[in-house]
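J.: no sequence for this one, just the structure:
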């Protein structure tokens, strides 16, 4: 089992980093933040032109057909640069759901547009903070007409379509909703990280396309895949926060010596490094499971998600502490990583939910060693 990226994938990583160094610099992120924009449309269009959004979409539907490992590489670099783009919502969730369950007509209509960045998708699942289980779905669908509210919806303010979970007479189904359709009302929501806009989407008798009648098992499988990619985004951000803290500890002097020479700072940096190494090892294993469609994917995805969430939060917080009083100010970039760490930590479900998912999968492995299950 080779748990390192190939030379071609490492070259892709370097090229994506160079692009983002120019187009997603801290100065540009501040421009997006201060302007109150839900995304950087120029950066998003550039990612589409370069084919980076199309990595895991088959060539028949406008993609490059590269694979999930390439998508993991791209996700890590986007996280490192704090790119203000709806990559997770549109590509890791929207495109994956349509690819997995869409009709041929739906795939031909939506996937090329998603791959190019000309269309943005989001997932309408939650109906209030923390309400993510199937029992919490109150939005109803009657003969393809949806009524209900979804919030918070990550990237819902800038999306063109939404994949919406709604209750039917037989269970939870998934529908494609055009967000410019009559009866759709959107309102932006305040969040800790405004560079990844959140919204409330109210549906008042909205006509929608059926995507999947038995939607919850499919949704769980796609969430497992998206969790791996989100974990790579988190370790990318955590890695950059560690670098910032290390560089400052070497530059800042106190009592005639670099503050990095003091034991308290050494301990903080060492703890940040250890948490990132643990998260990265879990992410690499999850990437292998994702790329090979392995039966271990649900367990590996949950482990990667838990460890990456903890690592990014720790690195973002300790980065501020190591910068001292200056670290808390608006002029420093530390708060940008702290904001993103906490936003990513609750997207796709919070830490407690993924811890429960991991425990469930470990119990399942012990109970059914010869036949693993993937559902809730």
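T.: Okay, I see it. What you see is a predicted model; the values in this text were computed from it and never measured.

J.: what about the strands in the stretch 151-300 of the chain?
T.: Using DSSP state E, counting those that start in this stretch, the strands of the stretch 151-300 of the chain run over 161-167, 172-178, 184-189, 198-207, 209-212, 253-254, 257-258.

J.: tell me what the longest one is packed against?
T.: In terms of contacts (3 or more C-beta pairs under 8 Å, 6 or more residues apart in numbering; DSSP states H and E), strand 198-207 is packed against strand 145-154, strand 184-189. (Each C-beta comes from the backbone N, C-alpha and C, glycine too.)

J.: deepest of these, which one?
T.: Of all these, strand 145-154 has the most neighbours on average by mean count of other C-beta atoms under 10 Å, namely a mean of 21.

J.: quick one: it to strand 161-167, angle?
T.: Inter-element angle recorded for strand 145-154 and strand 161-167: 120 degrees (by axes from the mean of the first three to the mean of the last three C-alpha atoms, to 10 degrees).

J.: Looking at the strands of the stretch 151-300 of the chain, which one is packed in the most?
T.: Mean neighbour counts for these (mean count of other C-beta under 10 Å) peak at strand 161-167, with a mean of 25.

J.: Which residues does that one contact?
T.: With contact meaning C-beta atoms under 8 Å, 6 or more residues apart in numbering, strand 161-167 is reached by 93-94, 97-98, 110, 119-125, 137-141, 146, 148, 150, 153, 156, 172-179, 201, 203, 208, 211, 215-216, 219.

J.: and the longest helix along the chain, what other elements does it pack with?
T.: If you go by DSSP state H, the chain has its longest helix at helix 215-251. Helices and strands touching helix 215-251, as assessed by 3+ C-beta pairs under 8 Å, 6+ apart, comprise helix 68-80, helix 96-101, strand 161-167, strand 172-178, strand 257-258, helix 263-292, helix 297-322, helix 334-346.

J.: Tabulate those in JSON lines, adding columns for mean pLDDT and distance to residue 28.
T.: Formatted as JSON lines, these follow (pLDDT from 0 to 100; distance: least, C-beta to C-beta, whole Å):
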{"stretch": "helix 68-80", "mean pLDDT": "98", "distance to residue 28": "14"}
{"stretch": "helix 96-101", "mean pLDDT": "98", "distance to residue 28": "28"}
{"stretch": "strand 161-167", "mean pLDDT": "98", "distance to residue 28": "27"}
{"stretch": "strand 172-178", "mean pLDDT": "98", "distance to residue 28": "30"}
{"stretch": "strand 257-258", "mean pLDDT": "96", "distance to residue 28": "30"}
{"stretch": "helix 263-292", "mean pLDDT": "97", "distance to residue 28": "25"}
{"stretch": "helix 297-322", "mean pLDDT": "98", "distance to residue 28": "20"}
{"stretch": "helix 334-346", "mean pLDDT": "96", "distance to residue 28": "11"}
